[in-house]
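# attaching a predicted model along with its sequence, questions to come.
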Amino acid sequence: MTFSPDKDGVFDVFLGLVRCGLGGTQGKGTQYVSWIHEVDFIRAVEWLIAKEGLEGAVNLAAPNPRPNREFMRVLRETWGIGFGLPAAEWMIEIGTWAMRTESELVLKSRRVIPGRLRESGFEFVYKDWEAAAQELVARWRSIKLKKPAN
């Protein structure tokens, strides 16, 4: 999942859950969340275009996926809220049905490691979720607090 503070994006949805007190563990909480910050996604695509001789599949994900329980805890702490109600699998099934998306996006473990990308020499700006969450929350706040021009 590519995280940016854009309206209705994945980060906006996760942060919306946190802001409403619903940002607890989702499902069992042991499933891994693979993510990438939009800055690194763009840089990685540019890197791959410019890199000669690198062929085949390359994973675009930050090098440190986190279990859902930790992932959501970091987001809550970054937002400044100490709690988040957990969501059982059946609740996620209903919520994702209402959002017209798939529950497996949240419930299925994805522990993606960008081995070939890193071996090619690519270095991440946001390799850790803590730093990425801090930057995204700060930018989300600045976007939401901007007043429309008259």
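That came through fine. Numbering: from 1, shown residues only.
# now what about the helix ranked longest in the chain, what contacts it?
What stands out as the longest helix in the chain, according to DSSP state H, is helix 129-145. Contact with helix 129-145 is made by 3-5, 11-12, 15, 35, 37, 62, 64, 66, 70-71, 74-75, 78-79, 126, as judged by CB atoms under 8 Å, 6 or more residues apart in numbering. Heads up, the C-betas are built off the backbone N, CA and C, glycines and all.
# how about it: buried residues?
Within helix 129-145, the residues scored as buried using 16 or more other CB atoms under 10 Å are W129, A132, A133, E135, L136, V137, W140.
# from the chain's centre, how far out does that helix sit?
The chain centroid and the centroid of helix 129-145 are separated by 12 Å under CA atoms, centre = their mean, to the nearest Å.
# same question for stretch 134-148.
With CA atoms, centre = their mean as the basis, stretch 134-148 stands 17 Å off its chain's centre.
# now do stretch 32-41
Here stretch 32-41 is found 6 Å from its chain centre; the criterion is CA atoms, centre = their mean.
# next one: stretch 107-118
Distance, centroid of stretch 107-118 to centroid of chain: 13 Å (CA atoms, centre = their mean).
# mind saving the C-alpha coords of stretch 72-88 as CSV?
Below are the C-alpha coordinates for stretch 72-88, written out as CSV (Å, rounded to 0.1, in the frame of the first residue of the first chain):
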residue,chain,number,x,y,z
MET,A,72,-1.8,0.7,14.3
ARG,A,73,-0.2,1.5,17.6
VAL,A,74,2.5,3.6,16.0
LEU,A,75,-0.2,5.5,14.0
ARG,A,76,-2.3,6.1,17.2
GLU,A,77,0.8,7.3,19.1
THR,A,78,1.8,9.6,16.2
TRP,A,79,-1.7,11.1,16.1
GLY,A,80,-1.6,11.5,19.9
ILE,A,81,-4.3,9.1,20.9
GLY,A,82,-3.7,6.3,23.4
PHE,A,83,-6.5,3.9,22.5
GLY,A,84,-8.2,2.4,19.5
LEU,A,85,-11.1,0.0,19.5
PRO,A,86,-10.2,-3.3,17.9
ALA,A,87,-12.1,-4.6,14.9
ALA,A,88,-13.0,-8.3,14.7
